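>>> structure for this input, please:
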Amino acid sequence: MFTIVPLLAAHPREAWQVSSLGGITNRSYRLQAAGMDLVLRWPGASASRYLDRSAEPANAMAVAGLGIAPPVLAADPDAGWYITAFATGAEALQGAAFVDPVTLTTVLDLLSRLHRSAIVFPFRQGLFQAIDLYLDLAPTPLMQQMRRALEPVRLALQRNPMPLAPCHIDPNPANFLRCADGSLLLIDWEFAAMEEPLWDLAAISMEAGLDNSAETVRIESRIGAAQLPRFELYKTALNLVAASWCEAEIVAGNDSSDLVALRDHRLRRLEMRLTDPRHAIWLERA
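Modelled structure (predicted):
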């Protein structure tokens, strides 16, 4: 790579300092040489079972044009890797960052720019298509049981679909970079797809642990009161999206220590929401 990619070949291999930036299913590396500071995003093997790797570089290029993601400097769509500039001074948000009202508003505004843009991602997956895809890869009894429990949610969400928009699909805090000037960038676009904006908004709400009053103020103004029951069902279903994805990765041999904890946490959240007295109301009004 260091000899065949023009951007990297500008310096001899021994001049490049390579450091790992981590990742659960993919690997990111910081590449530094004189006058150059880059990030190489390298696809993990396990995720190739359920992702088209050729899409991510193109997705990242499209959103970079909106100013909400780092510019793509080199890419190989066939292999699925791409290189961006390293955001000097930027730090990934921590788990509790969305609780801060100012940060949360900035995050929601960034996502609104994406949702209202003219970008058209090449794929659409859907909540239950995603769940069923992951279950096909890891059809464990517990996951199948929870999928059956969510069938009323699937049927309710079929009734009044919202228009599709370009969505990130995985807007967890670690995928947001706070730059030195306080602005935010959003990274990791492998799951990006045309979906209902409720997917991203529900994921943000789950990460923030918003209570009802906060959701009413921050979410209702963006989607309207009539969509709140549908929004709640998205939150319910997204717990199984995450849990079944974790299970598929675990079965494939991914040894990340975060996967089991995330799977179990999402399953507990799912069980709590299914027994919530308001669940029947959300099903009726979605």
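>>> point out where the stretch 151-286 of the chain drops to low pLDDT.
210-216 (pLDDT under 70).
>>> same check, this time on the stretch 1-150 of the chain
In the stretch 1-150 of the chain, residues with pLDDT under 70: 24-25, 44-50, 53.
>>> need the strands for it, in chain order.
Counting by DSSP state E, counting those that start in this stretch, the stretch 1-150 of the chain has strands at residues 17-22, 27-33, 36-42, 72-76, 81-85, 91-92.
>>> mind putting these into JSON lines with distance to Pro197?
C-beta here means a position set from N, CA and C on the backbone, and glycine is covered the same way. Formatted as JSON lines, the strands of the stretch 1-150 of the chain follow (distance: least, Cβ to Cβ, whole Å):
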{"stretch": "strand 17-22", "distance to Pro197": "29"}
{"stretch": "strand 27-33", "distance to Pro197": "27"}
{"stretch": "strand 36-42", "distance to Pro197": "25"}
{"stretch": "strand 72-76", "distance to Pro197": "24"}
{"stretch": "strand 81-85", "distance to Pro197": "25"}
{"stretch": "strand 91-92", "distance to Pro197": "23"}
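>>> looking at these, which is buried most?
Across those, the average number of neighbours (mean count of other Cβ atoms under 10 Å) peaks for strand 81-85, which reaches a mean of 21.
>>> out of the strands of the stretch 1-150 of the chain, nearest to Val5?
Judged by Cβ to Cβ, the one of the strands of the stretch 1-150 of the chain that comes nearest to Val5 is strand 72-76, at 5.6 Å.
>>> just tell me which of the strands of the stretch 1-150 of the chain ends up closest to His115.
strand 72-76 (21.0 Å).
>>> and that closest one, how far out from the chain middle?
21 Å (Cα atoms, centre = their mean, to the nearest Å).
>>> now tell me what touches that strand from outside.
Strand 72-76 has contacts (Cβ atoms under 8 Å, 6 or more residues apart in numbering) with 5-8, 38, 57, 60-61, 64, 81-85.
>>> for the biggest helix by length in the chain, packing partners?
Across the chain, the longest stretch assigned as helix under DSSP state H is helix 228-251. Packed against helix 228-251, as judged by 3 or more Cβ pairs under 8 Å, 6 or more residues apart in numbering; DSSP states H and E, are the following elements: helix 127-137, helix 141-149, helix 151-159, helix 198-208, helix 212-218, helix 258-274, helix 279-285.
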